[in-house]
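# how would this look folded up:
(3 chains)
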Amino acid sequence: MDLERDLNPAQRQAVLTTEGPVLVIAGAGSGKTRTIVYRLARLVAGGVDPASILLLTFTRKAAQEMLSRAGLLLAMGPDGVSGVSGGTFHAFAFATLRRYHAAAGYPDGFTVLDQADSEDVLGQAKDKLGIGKGDRSFPRRSAILGLLSKARNKEMAVADVLSREAFHLLPYADAIGQLGEAYTAFKTDHNLLDYDDLLFRLEQTLLGNPDLADYLRVRHRYIMVDEYQDTNRVQARLTRLLAPASGNVMAVGDDAQSIYAFRGATVDNILDFPDLYPGTTVVKLEQNYRSTQPILTLTNAILANAGRKFEKHLFTTREDGPVPELMRPFSDLTQAAMVAAKVRELSRTYPLHEIAVLFRAGYQSYALEVELGKTGIPFQKFGGLKFSDAAHVKDVLSYLRLVRNTADFPAWSRVLAFVPGIGPKTATKIFEAIQAGDRGVLGKMAARTAEFKTLIEFLDTLRGLPPVPAALLERVVEAYAPLLAEKFPDDYPRRQAGLDQLQQIAAAYHDLDAFLADLVIENPGEDRKKTREDHVVLSTVHSSKGLEWSAVLLIDLVDERFPSRHALSRPEDLEEERRLLYVACTRAREYLALFAPETVYQRTTGGCSPALPSIFLRELPPGPLKERRERLGGSSSGTFAAGCAPPRAAAGSASMSGSPRPGAGPRPAPAGAPGNGAGPANGSARALGYCRHKIFGRGKIIATLDGGKYRVNFPDFGPKVILADYLELEDAS
DNA sequence: GCGCCCTTTTTTTTT
DNA sequence: AAAAGGGCGC
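Numbers count the residues shown, from 1 in each chain, chains lettered A, B, ... in the order given. Okay, the predicted model is just below:
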């Protein structure tokens, strides 16, 4: 470890200031991780006990990587520095609550609910109260949960959240509030904690137990919090509560990369840090070591249009490199082919795992996934579905959860669903009987169905065994195998492989609670995936945070997709989308391409409609991007879908066809005025009548389209667009 | 009460 | 394109 040689002056200052509060403003690619690693290593080398360091990061993987790199610096062997408490706020909260549950006056053996579990609990409350019954427009459980969680994380009233960003749901404000209360009560009664509870309950616990808080403050002489710009208000308060008596707190972050405001993160935390911790040393890391100058020129230009920001002057010594490209595929479908071709071309220069395709939302990669599959390019996707979200994994884990907490409703409902004759209603009844200790009902059920008796006996057997995760899991998987084939006839071998993987993960744990909670909070299945070599990476921008690749392709850069159409109405949301784009572009080391299809597929009309390049691209001055249009005779000719004519042939609507490069000429139409979307109602919901087709049979007309075409829903064939000539219309009666 | 079929509705990002 | 709700037969 040679601080003079390995670090620049600002980094060195951050590393050497080990006493007292420190705030590090770290621009993208400015060696933030290196700085934390060196600081860790220096602390340990200086004789600080690793057990007295607390390292809070955004993912467990980030913490592990830092510890392992610090270990390498200190030549401590492959495990790196051990004994440091580290991980996410949520994981730390779980570990602390579990460890000191007795002191805090809470029962042991609580269950941590993931999103799907929480939805089950909410659904239970909804059914019980009969709220929203029969109302098709009543918000989905996931939507309600999202609102409740948002209100909680932003520490606002539910009604305020609704009026700020979901005014169409205002009529449901009371119902949602009631559901929220029932949901909370249910969790308390049954010893269940959701993600938000972990943080808030830790705070309550520390406030209610000054001795415990004091103990933790003495124990952790050094705290480092990474990605501080993405902490929310409770997390900032937790940091303050945990801040060691020694005052050695370091926060690291970059306001320009704050992308979690939707769940309550606030950059105010960074701003307020120096006030909250008097005597704070503020260090700015401004030299970028990741990207070439042409990429930085683009990212600086993106940020230049930001409304509110803290001036930073990112610079690099890597002057040379290709100018980022703006690709203009004909449509989002040809975009997939173009991206695949580009990946293939890049793979001659870079290994596949050095290439990433990034997008705003998980669904945007579907077409590309198909295309990559066709062309045989292996890929790994991050963001979207998680390993532990898979139904078979949840099924198996439910048995283990019931070993620790018999009041775990979501687990019971999964497990009971396997017993023939037991559906949601009966399952609820049984659950309530178990809660009430009503052995009569259980006896009757057992007498009636043998499977139920077997299940109860099986659970009792499990509960009687020592709580070793791997051993218990083996029993469960063995018992579950026949159910697996029955429930998933198409793909149970693949799922079995997933369960084998789960067993491997379980083998690394000796504690059942930690195993179960980690799957929910940390998703170790994901780590395993991350190590795959020679796979192109597909990732949401959010999941790409903190990572970098030699080549980055960013797709669907058109209004309503990036920025997301949900973000168009409120300026703060739009600003967050801009930072998101900034994060995405700063992931690239050498090559960066942005794809803005000229038309996109629209589910609502079933066709393609012209798309405007993202507002963030239209705002750019000429220069930082080099535009390339897809050529009619080019590599992807013939791949665009029927009905998606090349834009020249398409009607001259508000597309870019007039100006050669965004921003080069006079400004195109202002944002928020897309040519479609708010158009005349096309009557998507109501039937316009019925008709008959020679092949598809009778169908319902859902919409009248231009060119004498109808959109018809055929019961056996799904929705189709058909010329009126081929249809026999029925009289509307 | 359960399970199947049909219809309607909605689709951001994550711990 | 998938999920959730309602209707209906068993």
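# neighbours of A:Phe236, how many?
Rather than Phe, residue A:236 is Ala. 21 (other Cβ atoms under 10 Å). Placement of C-beta: from N, CA and C, glycine included.
# surely it is in contact with A:Asn269?
Yes - applying Cβ atoms under 8 Å, one finds A:Ala236 in contact with A:Asn269, separated by 4.4 Å.
# if I look at A:His101, how far off is DNA strand B?
Distance check for A:His101 against DNA strand B: by Cβ to the nearest atom of the strand, to the nearest Å, it reads 20 Å.
# pull the contacting residues for that residue.
A:His101 is in contact with A:107-108, A:110, counting by Cβ atoms under 8 Å, 6 or more residues apart in numbering.
# let's see it at 10 Å
A:His101 makes contact with A:107-110, A:205, according to Cβ atoms under 10 Å, 6 or more residues apart in numbering.
# of these, just say which sits nearest to A:Leu179.
A:Phe110 (21.8 Å; Cβ to Cβ).
# excluding its backbone neighbours, what's nearest the closest one?
The shortest distance from A:Phe110 to any non-neighbouring residue, by Cβ to Cβ, 6 or more residues apart in numbering, is to A:Asn191 (4.6 Å).
# list the contacts for the one you found?
A:106-111, A:404-408.
# how close does it get to A:Gln124?
The gap separating A:Asn191 from A:Gln124 is 15 Å, by Cβ to Cβ, to the nearest Å.
# buried residues, the longest helix along chain A. List them.
Counting by DSSP state H, the longest helix found in chain A is helix A:469-487. Across helix A:469-487, burial judged by 16 or more other Cβ atoms under 10 Å covers A:469-470, A:472-473, A:476-477, A:479-480, A:484.
# does it reach DNA strand C?
No - Helix A:469-487 is not in contact with DNA strand C by Cβ under 7 Å from any atom of the strand; minimum separation 14.3 Å.
# neighbours around A:Leu553, how many?
27.
# now it: which helix or strand?
Assignment of secondary structure by DSSP states H and E places A:Leu553 within strand A:549-554.
# can you give me how far that strand is from the chain middle?
19 Å (Cα atoms, centre = their mean, to the nearest Å).
# so that strand, near DNA strand B or not?
No - on the criterion Cβ under 7 Å from any atom of the strand, strand A:549-554 is out of touch with DNA strand B, staying 14.2 Å away.
# could you measure from A:Ala470 over to DNA strand C?
Taken as Cβ to the nearest atom of the strand, the span from A:Ala470 to DNA strand C is 30 Å.
# show the contacting residues for that residue.
Going by Cβ under 10 Å, 6+ apart, the list of residues near A:Ala470 reads A:503-510, A:512, A:515.
# ok, which pair from those residues is furthest apart?
Among the contacts of A:Ala470, A:Gln504 and A:Leu512 lie farthest apart (Cβ to Cβ), at 16.3 Å.
# re the thing from before, separation between the residue nearest to A:Phe110 and DNA strand C?
24 Å.
# and if you look at A:Val396?
19 Å.
# what helix or strand does that residue sit in?
helix A:391-404.
# show me what the helix or strand following that helix packs onto, helices and strands only.
Per DSSP H and E, the first helix or strand lying C-terminal to helix A:391-404 is helix A:409-416. The contact analysis (3 or more Cβ pairs under 10 Å, 6 or more residues apart in numbering; DSSP states H and E) places helix A:409-416 against strand A:111-112, helix A:115-129, helix A:173-189, strand A:192-193, helix A:391-404, helix A:424-436, helix A:450-464.
# chain neighbours aside, what residue packs nearest to A:Asp120?
A:Pro410 (4.0 Å).
# could you look up the next helix or strand downstream of the lowest-mean-pLDDT helix or strand in chain A?
When the helices and strands of chain A are compared on mean pLDDT, DSSP states H and E, helix A:524-530 comes out lowest with a mean of 58. Going down the chain from helix A:524-530, the next helix or strand is strand A:536-540, by DSSP H and E.
# now the strands for the stretch 1-150 of chain A?
A:22-26, A:53-56, A:85-87, A:111-112 (DSSP state E, counting those that start in this stretch).
# give me the number of residues near the spatially closest residue to A:Glu533 that is not a sequence neighbour?
Among residues not flanking A:Glu533 along the chain, A:His353 sits closest, at 5.3 Å (Cβ to Cβ, 6+ apart). Neighbours of A:His353 under the rule other Cβ under 10 Å: 19.
# A:Ile355 too?
Neighbours of A:Ile355 (other Cβ under 10 Å): 24.
# is it bridged to anything, and to what?
Judged by DSSP bridges, the bridge partners of A:Ile355 are A:Ala551.
# ok, it touching A:Glu548?
No - judged on Cβ atoms under 10 Å, A:Ile355 makes no contact with A:Glu548 at a distance of 11.8 Å.
# follow-up on the earlier one: now the helices and strands packed on helix A:409-416 in JSON lines, with mean pLDDT and mean neighbour count?
Formatted as JSON lines, the helices and strands packed on helix A:409-416 follow (pLDDT from 0 to 100; neighbours: other Cβ atoms under 10 Å):
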{"stretch": "strand A:111-112", "mean pLDDT": "90", "mean neighbour count": "24"}
{"stretch": "helix A:115-129", "mean pLDDT": "85", "mean neighbour count": "19"}
{"stretch": "helix A:173-189", "mean pLDDT": "89", "mean neighbour count": "17"}
{"stretch": "strand A:192-193", "mean pLDDT": "92", "mean neighbour count": "23"}
{"stretch": "helix A:391-404", "mean pLDDT": "89", "mean neighbour count": "21"}
{"stretch": "helix A:424-436", "mean pLDDT": "85", "mean neighbour count": "15"}
{"stretch": "helix A:450-464", "mean pLDDT": "89", "mean neighbour count": "15"}
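# which one of these lies nearest to A:Arg263?
helix A:115-129 (12.2 Å).
# count of neighbours near the residue of chain A at minimum distance from DNA strand C?
Of all residues in chain A, A:Gly134 sits closest to DNA strand C, at 3.1 Å by Cβ to the nearest atom of the strand. A:Gly134 has 6 neighbouring residues, counting by other Cβ under 10 Å.
# got a pLDDT number for it?
Looking at A:Gly134, its pLDDT is 71.
# residues in contact with the residue lying closest to A:Asp389 once chain neighbours are set aside?
In space, A:Asp389 comes closest to A:Ala116 once its chain neighbours are excluded; the distance is 6.7 Å by Cβ to Cβ, 6+ apart. For A:Ala116, the contact set (Cβ under 10 Å, 6+ apart) comprises A:141-142, A:388-389, A:391, A:394, A:410, A:414, A:520.
# what residues does chain A put near DNA strand C?
Counting by Cβ under 7 Å from any atom of the strand, chain A sits next to DNA strand C at A:119, A:132-136, A:138, A:140-142, A:603.
# ok, which pair from those is furthest apart?
Top of the distance list for the residues of chain A next to DNA strand C (Cβ to Cβ): A:Lys133 and A:Arg603, 28.2 Å.
# pLDDT weak spots in chain A?
For chain A, residues meeting the criterion pLDDT under 70 lie at A:77-78, A:308-311, A:383-385, A:489-490, A:524-532, A:603-607, A:630-733.
# domain assignment for it?
Segmentation of chain A into domains, based on the TED database, reads A:9-99+A:198-287, A:114-190, A:325-378+A:534-629, A:388-520, A:690-729.
# next up, the contacts around A:Thr461.
A:472, A:475, A:479.
# now the second one. Nearest residue, chain neighbours left out?
Right, the one you point to is A:Arg475. A:Leu462 (6.4 Å).
# before we move on, back to that, tabulate the buried residues of helix A:469-487 (CSV), appending distance to A:Ala447.
Shown next, in CSV, are the buried residues of helix A:469-487 (distance: Cβ to Cβ, whole Å):
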residue, distance to A:Ala447
A:Pro469, 34
A:Ala470, 35
A:Leu472, 28
A:Leu473, 31
A:Val476, 25
A:Val477, 29
A:Ala479, 22
A:Tyr480, 25
A:Leu484, 28
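# related to what we said a few turns ago, now the angle between helix A:450-464 and the helix holding A:Val396, please.
60 degrees (axes from the mean of the first three to the mean of the last three Cα atoms, to 10 degrees).
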